[in-house]
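**Student:** Sequence first, then the predicted structure:
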Amino acid sequence: DAGVIQSPRHEVTEMGQEVTLRCKPISGHNSLFWYRQTMMRGLELLIYFNNNVPIDDSGMPEDRFSAKMPNASFSTLKIQPSEPRDSAVYFCASSFSPADSYTFGSGTRLTVV
Amino acid sequence: QKEVEQDPGPLSVPEGAIVSLNCTYSNSAFQYFMWYRQYSRKGPELLMYTYSSGNKEDGRFTAQVDKSSKYISLFIRDSQPSDSATYLCATDNTDKLIFGTGTRLQVFP
């Protein structure tokens, strides 16, 4: 298995633009997680899905953030409009179940200027 | 109080030293404990996985859980420069993992 695949690896965008981050989980994993990592706050859970259904989105910072999982092999995290304070590394992770060990992707480094 | 607390470091040690990394947690119901290692510009990867109290050893790495004091530790023997990374502890919260903020470790030759 190729592991959890995220794209793009790097994204530089201007404030106000829409940003879409993509994730392909490991085949057979039923749970998918979106995290944001910064030096100040560490790893923050934004949202997670179980069997393609959003279970907990309490970590989504505000309405500018949205996430979807249309099928078991694909998820997106969208920020619209983006702001400089959204600059961070965004990780996607998947697992067999929500409390099982996670496999992380390599992350998307987002810079909003 | 955060559910999982971890000293952010950085921790700098010479090659060959024994390293001790620690976390505390607040909820006595937590059962599973994990250590993840994250190299610079990479995603975290699972290093050790333990259930309940006791020790688990894997090569140079030993994970220790003391449920009575809600304390988890990772020991690295004969540390190598390749061990330089950020180490994150994690525990289950029935429906998701809770991560510590990570301790940055630097092993210098």
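**Tutor:** Here it is on my side, so go on.
**Student:** Tell me which other helices or strands the helix or strand bottoming out on mean pLDDT in chain B touches.
**Tutor:** Confidence across the helices and strands of chain B bottoms out at strand B:97-99, with a mean of 88, counting by mean pLDDT, DSSP states H and E. Helices and strands touching strand B:97-99, by 3 or more CB pairs under 8 Å, 6 or more residues apart in numbering or on different chains; DSSP states H and E, are strand B:85-92. (Each C-beta comes from the backbone N, C-alpha and C, glycine too.)
**Student:** if we go to 10 Å?
**Tutor:** When contacts are defined as 3 or more CB pairs under 10 Å, 6 or more residues apart in numbering or on different chains; DSSP states H and E, strand B:97-99 sits against strand A:31-38, strand A:42-50, strand B:4-6, strand B:32-38, strand B:85-92.
**Student:** Quick one: residues contacting the most centrally placed residue in chain A.
**Tutor:** Within chain A, one residue has its C-alpha closest to the average C-alpha position: by CA atoms, centre = their mean, that is A:W34, at 3.3 Å. With contact set as CB atoms under 10 Å, 6 or more residues apart in numbering or on different chains, A:W34 has these partners: A:21, A:23, A:44-49, A:57, A:59-60, A:65, A:67, A:69, A:75-77, A:90-93.
**Student:** at 8 Å what do you get?
**Tutor:** Neighbouring residues of A:W34 by CB atoms under 8 Å, 6 or more residues apart in numbering or on different chains: A:23, A:45-48, A:67, A:75, A:77, A:90-92.
**Student:** Repeat that for B:R60.
**Tutor:** If you count contacts by CB under 8 Å, 6+ apart, B:R60 has them with B:76-79.
**Student:** B:A85 contacts B:Y36, doesn't it?
**Tutor:** No - using CB atoms under 8 Å, B:A85 is not in contact with B:Y36; the gap is 9.6 Å.
**Student:** And the two? Which one has more around it.
**Tutor:** B:Y36 (25 against 21; other CB atoms under 10 Å in any protein chain shown).
**Student:** quick one: the residue lying closest to A:F74 once chain neighbours are set aside and A:E18, what's the gap?
**Tutor:** Excluding its sequence neighbours, the residue lying closest to A:F74 (CB to CB, 6 or more residues apart in numbering or on different chains) is A:K24, at 6.0 Å. If you measure A:K24 against A:E18 using CB to CB, to the nearest Å, the figure is 21 Å.
**Student:** Same check on B:L46?
**Tutor:** For B:L46, the distance to A:E18 (CB to CB) stands at 33 Å.
**Student:** cool, B:N27 as well?
**Tutor:** Taking CB to CB as the measure, B:N27 and A:E18 are separated by 39 Å.
**Student:** can you list the weak-confidence ranges in the chain?
**Tutor:** You didn't pick a chain, so chain A it is. A:1 (pLDDT under 70).
**Student:** Correction: the question concerned chain B.
**Tutor:** Along chain B, the parts satisfying pLDDT under 70 run over B:1.
**Student:** Let me see the ranges of the strands in the chain.
**Tutor:** Just going to use chain A. Under the criterion DSSP state E, chain A carries strands at the ranges A:5-7, A:10-13, A:19-24, A:31-38, A:42-50, A:53-56, A:65-71, A:74-79, A:88-95, A:103-104, A:108-112.
**Student:** looking at chain B here, not the other one
**Tutor:** For chain B, the strands identified by DSSP E occupy B:4-6, B:11-14, B:19-25, B:32-38, B:45-51, B:54-58, B:61-66, B:71-76, B:85-92, B:97-99, B:103-108, in order along the chain.
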